[in-house]
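# Return a 3D structure for these sequence lines:
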Amino acid sequence: MKTKSTVETKSIVKTKYVLFGFLAIMAGMIGFAIVFQETFISFLKHPAIYRHARFLHIAAVTLFFANAVVGILWERQSLASGSKEVILHTYNTVAFLDSRFSSPLIILSVLGGLSLSFNIGELWQIGWLSVSFLLFLFSGILWIVSDIPTQYKIKQLTSNLNPGDQTLPGELIRLLKLRWWISIAGVIPLVIIFMLMVYKPEITAVADWLR
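Residues are numbered from 1 along each chain as shown. Alright, predicted model coming up:
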């Protein structure tokens, strides 16, 4: 008979593999775009996929942003409750959604956004568009270099928890609070991106920053 900890450990391992799988897909997309740049751009600029790309981009970005915000609020409330069961359940659910829901949405957002950008002009020559893309990259890098290592440490600590303990270790609580702040830092650029997408202000393009 499988114990609860064994099931949770297997779930954590499966989630990790799914997460790295989506990261590998994104890396493959970047590699393909670099090696076969003309083919990649030609496909994304195809008129037949423009309307589909617009719908895909808006839906994916909105769902990704909403999931991030709801996750932050949910984690904050769970930490405030002080309940071991509530905190662990919330974290496991949010981590599951990050790997199974947010990761594919990021890929769809990038594909849809690139398709739209290639149809309206040069990405780095349009102010609001180039800054939006740069902020999106910044948010992604922040997530990779800070949130993923933090989640790894959290999962190590949760896998070694004693089921009989009524409270969580101080180090685990500290990491969960740190992850909350990392999530806040990652969402702020997304708020700015939404504003840039809607208002499209006249700002200096990234390509002109060093000129």
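# What are the contacting residues of stretch 47-60?
Applying Cβ atoms under 8 Å, 6 or more residues apart in numbering, the external contacts of stretch 47-60 come out as F43, L44, L105, I106, L108, S109, L111, G112, G113, S115, L116, N119. Backbone N, C-alpha and C define where each C-beta goes, glycine included.
# where's the last one, which helix or strand?
Under DSSP states H and E, the secondary-structure element containing N119 is helix 103-120.
# Against which helices or strands is that helix packed?
helix 4-35, helix 37-44, helix 50-81, helix 127-142 (3 or more Cβ pairs under 8 Å, 6 or more residues apart in numbering; DSSP states H and E).
# Let me know the average pLDDT across it.
Averaged over helix 103-120, pLDDT sits at 79.
# Only alpha carbons, please: show that helix as CSV.
Provided in CSV are the C-alpha atoms of helix 103-120 (Å, rounded to 0.1, in the frame of the first residue of the first chain):
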residue,chain,number,x,y,z
SER,A,103,4.0,26.6,-18.8
PRO,A,104,2.1,25.8,-22.0
LEU,A,105,0.4,29.2,-21.8
ILE,A,106,3.8,30.8,-21.9
ILE,A,107,4.7,28.9,-25.0
LEU,A,108,1.4,29.9,-26.7
SER,A,109,1.8,33.5,-25.6
VAL,A,110,5.2,33.7,-27.2
LEU,A,111,4.1,32.0,-30.4
GLY,A,112,1.0,34.2,-30.8
GLY,A,113,2.9,37.4,-29.8
LEU,A,114,5.7,36.8,-32.3
SER,A,115,3.2,36.1,-35.1
LEU,A,116,1.4,39.3,-34.4
SER,A,117,4.7,41.3,-34.1
PHE,A,118,6.0,40.0,-37.4
ASN,A,119,2.7,41.2,-39.1
ILE,A,120,2.9,44.7,-37.8
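# How far away from the center of its chain is it?
14 Å (Cα atoms, centre = their mean, to the nearest Å).
# Now do the same for L168: helix, strand or coil?
coil (DSSP: H, G, I helix; E, B strand; the rest coil).
# Low-confidence ranges, this protein, go.
1-23, 26-27, 29-37, 40-41, 44-45 (pLDDT under 70).
# which ones are touching I193?
V61, S132, L135, F136.
# Helix or strand: which one has it?
Assigned by DSSP H and E, I193 falls in helix 170-199.
# Make a markdown table from the contacts of I193 and add distance to R179 and neighbour count to it.
Conversion of these to a markdown table gives the following (distance: Cβ to Cβ, whole Å; neighbours: other Cβ atoms under 10 Å):
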| residue | distance to R179 | neighbour count |
| --- | --- | --- |
| V61 | 22 | 22 |
| S132 | 25 | 24 |
| L135 | 21 | 17 |
| F136 | 20 | 19 |
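# Including distance to S78, could the residues you listed go into CSV?
Listed next are the contacts of I193 as CSV, based on distance: Cβ to Cβ, whole Å:
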residue, distance to S78
V61, 26
S132, 32
L135, 28
F136, 28
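# Pick the one among these closest to K155.
F136 (26.4 Å; Cβ to Cβ).
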